[in-house]
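Chemist: Show me how the following folds:
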Amino acid sequence: MVFSTDPVLRIREASIFQGQEAILDNISFEIEKGEFVFIIGRTGSGKSSLLKTLYADLALRLGDIDVAGYNIRGIKSNEVPLLRRKIGIIFQDFQLLPDRSVTENLSFVMKATGWKDNAKMKNRQAEVLMQVGLGSIEKKMPHQLSGGEQQRVVIARALINEPLLLIADEPTGNLDPEVSLGILKVFQQINKSGTAILMATHSYGLIKKFPARVLKCHEGKLLDSKLENFEWSADF
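Modeler: Numbering: from 1, shown residues only. From the prediction side, this is the model:
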């Protein structure tokens, strides 16, 4: 087997649109395998639109983006599910199916991404739940879980297919500070196992406590702490 050293994400001279407006213009950056990167910026600065473009929820009109071996500019509709098997997507609002147990939520994603062997499914579910620090909650319904537990289930769901990249859009936005710290520690452990993470956040405190590379969406541009020093504070 040939080991690839290609970045898990490569963006070249891309413009990100909201409607007819280019909210980010001519941006370029790469994320290497196993790298942890925060993305920050004020509301409306383009963070979420950029993330949605990466997992092909928004069309890429200008420039080139490669994610986990897929070219987003030319991606076909039947390739989008294949792309999303290579990446994990984590949302602020959980998006768990409320009428299904934890196991059933995980099974739904697994079956949708090609899993068929029930024994292997059960083993993988146990693995990812342990990975995010959850014990015997398989039969619980989402409403029986705390916000932090629900977000851990969402992270477990995103890990099912051993993604090369986790894309997290404000994953601690609805959680209190103490629970948020616990979630970031889960992300750190996942990252140490080799999964790259791109996480959008408004939490200045989390970035101070867990220093990492920072991308900042600002006035249509993308600033990169790997390449330049720039000011950022609690008001970003």
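
Chemist: alpha carbons only for contacts and neighbour counts from here, please
Modeler: Will do.

Chemist: pLDDT score for S4?
Modeler: On pLDDT, S4 comes in at 64.

Chemist: T172 reaches D93, doesn't it?
Modeler: No: in this structure T172 lies outside contact range of D93 using CA atoms under 8 Å: 9.4 Å.

Chemist: mind checking how far Q95 is from P171?
Modeler: Distance of Q95 to P171, given as CA to CA, to the nearest Å: 12 Å.

Chemist: ok, back up a step: between T172 and D93, who's got more neighbours?
Modeler: Neighbour comparison, T172 and D93: the larger count goes to T172, with 27 against 16 (by other CA atoms under 10 Å).

Chemist: tell me the SS of the more buried one?
Modeler: coil (DSSP: H, G, I helix; E, B strand; the rest coil).

Chemist: what's the nearest residue to it if we skip its chain neighbours?
Modeler: Spatial nearest neighbour of T172, chain neighbours left out: S180 (5.3 Å); criterion: CA to CA, 6 or more residues apart in numbering.

Chemist: Check for me that the one you found belongs to a helix.
Modeler: Yes: membership of S180 in a helix is supported by three-state DSSP.

Chemist: need the helices for this protein, in chain order.
Modeler: 47-54, 80-86, 102-112, 118-131, 147-159, 177-192, 204-209 (DSSP state H).

Chemist: Could you list the low-pLDDT ranges of this protein?
Modeler: 1-4, 232-236 (pLDDT under 70).

Chemist: Can you pull up the most central residue in it?
Modeler: I167 (1.4 Å; CA atoms, centre = their mean).

Chemist: does that one have beta-bridge partners, and which?
Modeler: Per DSSP bridges, the residues bridged to I167 are I89, L198.

Chemist: Tell me how far R100 lies from M141.
Modeler: Taking CA to CA, one finds R100 at 6 Å from M141.

Chemist: Looking at those two, which has the bigger crowd around it?
Modeler: Shown here are R100 and M141; by other CA under 10 Å, M141 has more neighbours (19 against 16).

Chemist: wait, isn't the more buried one in contact with T103?
Modeler: No: at 9.1 Å, M141 does not count as touching T103 under the criterion of CA under 8 Å.

Chemist: how many neighbours does I190 have?
Modeler: Other residues near I190 number 19, with proximity taken as other CA under 10 Å.

Chemist: Relative to the whole chain's centre, how far out is stretch 96-108?
Modeler: Centroid displacement of stretch 96-108 relative to its chain, using CA atoms, centre = their mean, to the nearest Å, is 20 Å.

Chemist: Show me which parts of that stretch are buried, residue by residue.
Modeler: 96, 100-107 (16 or more other CA atoms under 10 Å).

Chemist: out of Q95 and P171, which sits in the busier spot?
Modeler: Each of Q95 and P171 has its neighbours counted (other CA under 10 Å); P171 has more, 24 against 12.

Chemist: Correct me if wrong: the more buried one contacts F91.
Modeler: Yes: using CA under 8 Å, P171 is in contact with F91, at 5.7 Å.

Chemist: From what I see, V179 and S146 are in contact.
Modeler: No: the criterion here is CA under 8 Å, and V179 misses it with S146 at 9.9 Å.

Chemist: The two: which has the busier surroundings?
Modeler: Between V179 and S146, counting by other CA under 10 Å, V179 is the more crowded of the two (17 against 12).

Chemist: List the residues that contact the more buried one.
Modeler: Residues in contact with V179, defined by CA atoms under 8 Å, 6 or more residues apart in numbering, are G148.

Chemist: ok, now how distant is it from V153?
Modeler: V179 is 14 Å from V153, by CA to CA.

Chemist: Same question for E35.
Modeler: 23 Å.
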